[in-house]
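> I need the structure of the sequence given here:
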Amino acid sequence: TMSRTLVTSALGAAHGAGDYASEIRLLTHIGTVYEMWEQYTAGMEHLDTALREALDHPETGYPVNVQEGRVMGLLGLKKISEAEQLAKEIIAVMEQENRRVNEAQTCVLLATVYRAKNESDAAIHELKLASEISQAGDYQRSLSNAEFTLADVYRTLGNLAEAENHADKAIRATHGSGILSDLPHRMQVLAALQASQGKYRDADALYRKAADEVDALLVSAANSAKPLLLRAASDIYTQHFALVTEHMSDIPTEYSIVERVRGRSFADLLRSEIPANTPDAEAVEREVGGLRLKLAKATTDNEIAELRDQIFIAKHKRWLTNSEGSLKRRPDQVLPLSVIEHSLRPSELLIEYVQTPDTLYAITITAVGAKLVKLGQAKDISGKVRRFLDAVKARESAISEGRSLFDPILGAIPEVENHSDLIIVPDGEL
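As a prediction, this is how the structure comes out:
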């Protein structure tokens, strides 16, 4: 890829120029990226090279980022004792050098080591210490990471109330850190914790806020980052849909949740922006950047909503030269269900499938109304889909496989018998 070529080129240039600090930094970056891909052996090779370079050039200082990366690599390679020893070494050096933010970050790493050893009490101790250090120094990012990890520890221990408390603290610290890309997932986790405790209305509201955050991030995200954001949006919508379906039973809301995420995905595919690195594009980026800074400092819901709308409009200026109609309807402004119903002919049945991790549903819409049908376990139906496709690909008759698949996905919908024209919106493996 282009990014890999650029990093490799920069690494060669740094080595040739004797810029050891840059070389160490780039080797560390490459190593941690490998670890993100769970290629721990390759990651450790680069990190060990960075460590040797740092030891050969002590003027570059203690290589805390290299060593933190090595802790994660050792964990990935299941070398738990070595990871623990190294994490404690980093903390001791950071404490001695009074580098408190790095000390807090490494306490979170050490807690991860303790969790791998199933030592929850020790993990909680390190995370609370990281939280105290971060609060004292106003290190919002390390505070958010410590609190979010604490929430996960308490969740695994079954203490959902304490998990909710720390997840809420993590979200507030995330706002303070300005790292808004972490917000959707953390809101999703808190919403799931609230739902697990029967706080369905609170969870519903938080899932909506998480979806709002995804929309705001998509507006200003680079194209390379959008697939990850859309995947996050998909996880949020499936959990939100399952919550409303199982506990609130509201067809218009269920429909709007599905259509919002699908409209967002299709809108993103259809966009074509003005060329980058032009005066128009740079002006748009400057305007959006200023608005994003204001959003990070906004405190009230009205301020946040107004700034998100301004960001949306500002970002869309890059498409105005190509398509003035691109602003006619935002992807999160879903057509009401009643409009869809009135647009259907009496012979038409619209079936929108929705697959959550556990269950396959169908929203059925006709000219006279809509309802939700629970079709069955997603795993069972996915198995029938694969068997049918395998038979078709093998050029077999696939009659028995087709009948087996027909029963749950169409036979379970009574309206199919009374409507000659079917409009299918698939999901998952369908």
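
> Show me what counts as buried in the helix or strand that contains residue 360.
Element membership of residue 360, judged by DSSP states H and E, is strand 359-366. For strand 359-366, a neighbour-count test (16 or more other C-beta atoms under 10 Å) marks 359-366 as buried. C-beta here means a position set from N, CA and C on the backbone, and glycine is covered the same way.

> Pass me the low-pLDDT residue ranges in the stretch 101-250 of the chain, would you?
The model of the stretch 101-250 of the chain has pLDDT under 70 over residues 222-225, 227-228, 232.

> Do a quick rundown of the helices in it.
Ranges of helices in the stretch 101-250 of the chain, per DSSP state H, counting those that start in this stretch, are 120-137, 140-156, 160-177, 183-196, 200-220, 226-247.

> residue contacts, residue 74?
Contacts for residue 74 (C-beta atoms under 8 Å, 6 or more residues apart in numbering) come out as 44, 80, 82-83, 86.

> after the strand or helix carrying it, next one along is what?
If you go by DSSP H and E, residue 74 is part of helix 64-76. Using DSSP H and E, the helix or strand that follows helix 64-76 towards the C-terminus is helix 80-96.

> Packing partners of that next one?
Contacts defined by 3 or more C-beta pairs under 8 Å, 6 or more residues apart in numbering; DSSP states H and E place helix 80-96 against helix 64-76, helix 100-116.

> out of these, nearest to residue 255?
helix 100-116 (40.4 Å; C-beta to C-beta).

> and the closest one, which residues are buried?
100-115.

> and the closest residue to residue 348 other than its chain neighbours, what does it touch?
Among residues not flanking residue 348 along the chain, residue 421 sits closest, at 4.6 Å (C-beta to C-beta, 6 or more residues apart in numbering). Counting by C-beta under 8 Å, 6+ apart, residue 421 touches 345, 347-349.

> Phi and psi next, for residue 421.
When read as degrees, to the nearest 10, the backbone of residue 421 gives phi -110, psi 110.

> Now do it against residue 408, distance only.
Applying C-beta to C-beta, to the nearest Å, the value for residue 421 to residue 408 is 22 Å.

> Off-centre distance for the host helix or strand of residue 281?
For residue 281, the element it lies in under DSSP H and E is helix 279-297. Put simply, helix 279-297 sits 23 Å off its chain's centre (C-alpha atoms, centre = their mean, to the nearest Å).

> Kindly report the same for stretch 369-385.
Counting by C-alpha atoms, centre = their mean, stretch 369-385 comes out at 25 Å from the chain centroid.

> If we go by neighbour counts, what in that stretch is buried?
So, applying 16+ other C-beta under 10 Å, buried residues of stretch 369-385: 370, 372-373, 375-376, 378, 381, 384-385.

> Let me know the pLDDT of residue 267.
If you check residue 267, the pLDDT there is 54.

> Next: the one 5 residues further on.
The model reports residue 272 with a pLDDT of 45.

> again, but for the one 10 residues further on
Confidence at residue 282, expressed as pLDDT, is 75.

> Contacts only, for it.
Applying C-beta under 8 Å, 6+ apart, we find residue 282 in contact with no residue.

> Offset the numbering so it begins at 559, please.
From this message on, residue numbering opens at 559, which makes the last subject residue 840.

> what separates it from residue 773, distance-wise?
Distance check for residue 840 against residue 773: by C-beta to C-beta, it reads 24 Å.

> one step back: ok, so of the contacts of residue 979, who is nearest residue 793?
Residue 793 lies nearest to residue 907 out of those, by C-beta to C-beta, at 29.2 Å.

> Give the helix, strand or coil label for the closest one.
What DSSP: H, G, I helix; E, B strand; the rest coil gives for residue 907 is strand.

> ditto for residue 980
Taken by three-state DSSP, the conformation at residue 980 corresponds to strand.

> about what we covered before: got a markdown table for the helices of the stretch 659-808 of the chain, with distance to residue 894 too?
Output for the helices of the stretch 659-808 of the chain, formatted as a markdown table (distance: least, C-beta to C-beta, whole Å):
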| stretch | distance to residue 894 |
| --- | --- |
| helix 678-695 | 45 |
| helix 698-714 | 37 |
| helix 718-735 | 31 |
| helix 741-754 | 25 |
| helix 758-778 | 17 |
| helix 784-805 | 17 |
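
> Understood, closing this out.
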